[in-house]
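**Student:** here's a sequence, model it:
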Amino acid sequence: MRYLKAIAQDLGQTGQANTVLLKFYNDMLCLPEQQVGIAVAVDHTGDALVDFAMAGDIDLDGRFSLRDQHLLRAFTDVFLQLNWFNQGGNEQRYLKMLAENYHHDGSPNVVKLEFHEDCTASGPQTLVYRAAGYDGDNDGIFESFTNSDVDGNGIADKADKELIRRLIKSFLAFDAWSTRLRS
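**Tutor:** Predicted coordinates:
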C-alpha cells in the first residue's frame, strides 16, 4: 500500500502554515515502511498559495519535471486551507492519505484522509478524525463524501466537502497511490 503523509508547519510563528512537506511512503506487509518520495512547498506571502516548490519525482514517472511542480502546487494550495498544521518545525500533526481499490481494476473506489496528532515527537500515532470520499459506481468520479469539518471552523458543511473533493482530486493526480509498475 502506498500513502501520502502531508505535514504543514508554521515556521514563521505567524499563526498559519507557511511550509508543507509531502512524504510518499510504500508500506508493505511485514516490512518497515519505505519513504519513496518527498516534496517541499513554501508560502512566503501568507496568502495560502505556494510561492516556492521543490517537488522531485512525486508522480513516480522516473523524471523530475514541470508536471511534478504543478502537482505539488495543486495539492499544497488546497492542503494549506485545512488549518491542520504544526507550530514551528515539528511533524506531530499530519494528514495521511491513501486510496483503496476494491474492484482491483486500477481505479480507486475510496480515498481516506486520516488526521493524526502525536502527543510526543517519538510517540505513537493518534488518529484525531477521519474523512473520506467514495466513487460508488467506479466511474472515476468521487460523488460521496463524509460529513467532516476538515477546515477546522467548527461546522461540517459544503465547503468541507469541496475541500475533501479537491484534496482527493489532487492526491490521485500524483498517481503515487497506485502500485502498478511504471514503464
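
**Student:** now the strands for this structure?
**Tutor:** For the chain, applying DSSP state E gives strands covering 2-10, 19-26, 34-42, 52-54, 86-87, 93-100, 110-117, 127-134, 144-145.

**Student:** now do the first one: which elements does it pack against?
**Tutor:** Spelled out, it's strand 2-10. When contacts are defined as 3 or more Cβ pairs under 8 Å, 6 or more residues apart in numbering; DSSP states H and E, strand 2-10 packs onto strand 19-26, helix 66-79, strand 86-87, strand 93-100. For every residue, glycine as well, the C-beta is placed using N, CA and C.

**Student:** how far off strand 19-26 does the last one point, in degrees?
**Tutor:** Relative orientation of strand 93-100 with respect to strand 19-26: 40 degrees, computed using axes from the mean of the first three to the mean of the last three Cα atoms, to 10 degrees.

**Student:** just checking, what packs against strand 93-100?
**Tutor:** Here strand 93-100 touches strand 2-10, strand 110-117, helix 158-174, going by 3+ Cβ pairs under 8 Å, 6+ apart.

**Student:** please redo it, this time with the cut-off set to 6 Å
**Tutor:** For strand 93-100, the elements it packs on are strand 2-10, strand 110-117, judged by 3 or more Cβ pairs under 6 Å, 6 or more residues apart in numbering; DSSP states H and E.
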